[in-house]
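**Q** here is my input; please provide its structure:
(one chain, ligands or ions: 1)
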Amino acid sequence: MRQVIIIGSGPAGYTAAIYAARANLKPLVIASSVEAGGELMKTTEVENFPGFPEGIQGPDLMTAMQEQAEKFGAEVVLDDVVELDLKGPVKRVTLGNGDVEEALTVIFATGSAYRRIGIPDEDRLSGMGVSWCATCDGFFFRQKTIAVVGGGDSAMEEATFLTRFADKVYVIHRRDKLRASKIMQDRAFANDKIEFVWNKEVRHIYGDTQVKGVGLLDTVDGTETIMDLDGLFIAIGNDPRTHLVHGQLDLTAEGTIAVDGRSSRTNIPGVFAAGDVIDPHYRQAVTAAASGTVAALDAEHYLASLPETALSAPADTAAAIA
Ligand code: NAP
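**A** Presented below is the predicted three-dimensional model:
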């Protein structure tokens, strides 16, 4: 039986792994089969992670975090968690390959998933001109006319990045004010290839096998218009990935995992949560990393509070720990 299993491999998961490994807890990191490294694997330049005055590419940052965790003894598995049993003193984590891992503590750091607009055409044309990842798919839109939906930092970042490929990038936003930080707004406003389409919601996406255009609803006067496009990038935020713990861990009204104050303690002893999955507000790489630190320290304190026998007990006798 292990002492710590960390689920998730973004800045929260890997920072928790670095701390737990340095505390000699030999953490197992379940990093995901397709999304190892988390959201930063899909970004380009990260300019606001302290210590990199020239910026660093998102994938380089995540590779460095993984290496740092492994250097201190973390074990990283590229698989997905398909089932979690968190109730008893021994937590059971079932992987996609059928293996069942057991540990006295679990740190849940699964981050968040791209939000969808919620219209049927979105899924139908996903991969056929509809995308959630400019760095993954931007290359396919050379000399095309495309649009980005959203008014936050993600939308500004995606739109700015996409001007490397596309001739024209519209930013479609449902209000007439952006939510994005000033520096990201200014960069987008200064880009000749970007044009803002204010007060519009995407109601339809047209095209049989490839995006041909969108139907827009004016949020002020209710009029509908059609815009011809070759591609649509959706950048309207993220939702915490909590499906694995529904019915086990308490959630907040915002859908994040509920934790006790500034700690990472969930409603189940021995289960800790960190990063975007507990944070509806700040959601930065550096805040996620800090949150991972908190979780590792909380897990360490929890383990230290258990009777000595618990740490070496086989799974079936560990029931006595409770
Ligand atoms: P966000 O800040 O929550 O912004 C989401 C945007 O999408 C908002 O403008 C929102 O409109 C719009 N939106 C939400 N649901 C919509 C819907 N159903 N239809 C149409 N529009 C919708 O999300 P984000 O831009 O992904 O950023 C998330 C966090 O990551 C933020 O803290 C951000 O600072 C951070 N981030 C930082 C960087 C960076 O610093 N380089 C890059 C990316 C993200 P309203 O404004 O009307 O609500």
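
**Q** what's the burial count for residue 205?
**A** For residue 205, the count of nearby residues is 25 (other CB atoms under 10 Å). Using the backbone N, CA and C atoms, a C-beta is placed for each residue, glycine as well.

**Q** after the helix or strand hosting it comes which helix or strand?
**A** Here residue 205, judged by DSSP states H and E, is contained in strand 200-206. With elements assigned by DSSP H and E, the helix or strand that comes after strand 200-206 is strand 213-218.

**Q** what's around the closest residue to residue 2 other than its chain neighbours, how many residues?
**A** Excluding the flanking residues, the one nearest residue 2 by CB to CB, 6 or more residues apart in numbering is residue 103, at 4.1 Å. The number of residues packed around residue 103, counting by other CB under 10 Å, is 23.

**Q** and if you look at the one 10 residues further on?
**A** Counted with other CB under 10 Å, the burial measure for residue 113 works out to 16 neighbours.

**Q** and the closest residue to it other than its chain neighbours, what does it touch?
**A** Excluding the flanking residues, the one nearest residue 113 by CB to CB, 6+ apart is residue 241, at 5.2 Å. Residue 241 sits next to 110-113, 277 when contact means CB atoms under 8 Å, 6 or more residues apart in numbering.

**Q** could you check the pLDDT of residue 317?
**A** pLDDT for residue 317: 45.

**Q** how about residue 136?
**A** 78.

**Q** so the helix or strand harbouring it, near the ligand or not?
**A** Per DSSP H and E, residue 136 falls inside helix 134-137. No - if you take CB under 6 Å from any ligand atom as the test, helix 134-137 misses the ligand, and the best it gets is 11.0 Å.

**Q** what's the closest of the contacts of residue 241 to residue 8?
**A** residue 110 (4.5 Å; CB to CB).

**Q** my read: residue 101 touches residue 4, true?
**A** No - applying CB atoms under 8 Å, one finds residue 101 not in contact with residue 4, separated by 10.7 Å.

**Q** list the buried residues for stretch 3-17?
**A** Judged by neighbour count using 16 or more other CB atoms under 10 Å, the buried positions of stretch 3-17 are 3-17.

**Q** mind checking the pLDDT average for that stretch?
**A** 98.

**Q** can you give me the offset of that stretch from its chain's centre?
**A** 13 Å (CA atoms, centre = their mean, to the nearest Å).

**Q** quick check, stretch 51-70 touching the ligand?
**A** No - against the ligand, stretch 51-70 shows no contacts by CB under 6 Å from any ligand atom, the least distance being 9.6 Å.

**Q** from the ligand, how far out is the residue lying closest to residue 176 once chain neighbours are set aside?
**A** Distances taken as CB to CB, 6+ apart put residue 198 closest to residue 176, at 4.4 Å, once the chain neighbours are dropped. Shown here: residue 198 relative to the ligand, a distance of 11 Å by CB to the nearest ligand atom, to the nearest Å.

**Q** now residue 254
**A** Taking CB to the nearest ligand atom, one finds residue 254 at 12 Å from the ligand.

**Q** now do residue 297
**A** 24 Å.

**Q** same check, this time on residue 275
**A** 12 Å.

**Q** residues in contact with the residue lying closest to that residue once chain neighbours are set aside?
**A** Distances taken as CB to CB, 6+ apart put residue 12 closest to residue 275, at 2.7 Å, once the chain neighbours are dropped. Applying CB under 8 Å, 6+ apart, we find residue 12 in contact with 109, 111, 274-277, 288-289, 291-292, 295.

**Q** kindly report the same for residue 277.
**A** 8, 12, 108-112, 240-242, 256-257.

**Q** highest neighbour count among those?
**A** residue 12 leads the contacts of residue 277 on contacts (other CB under 10 Å) with 35 neighbours.
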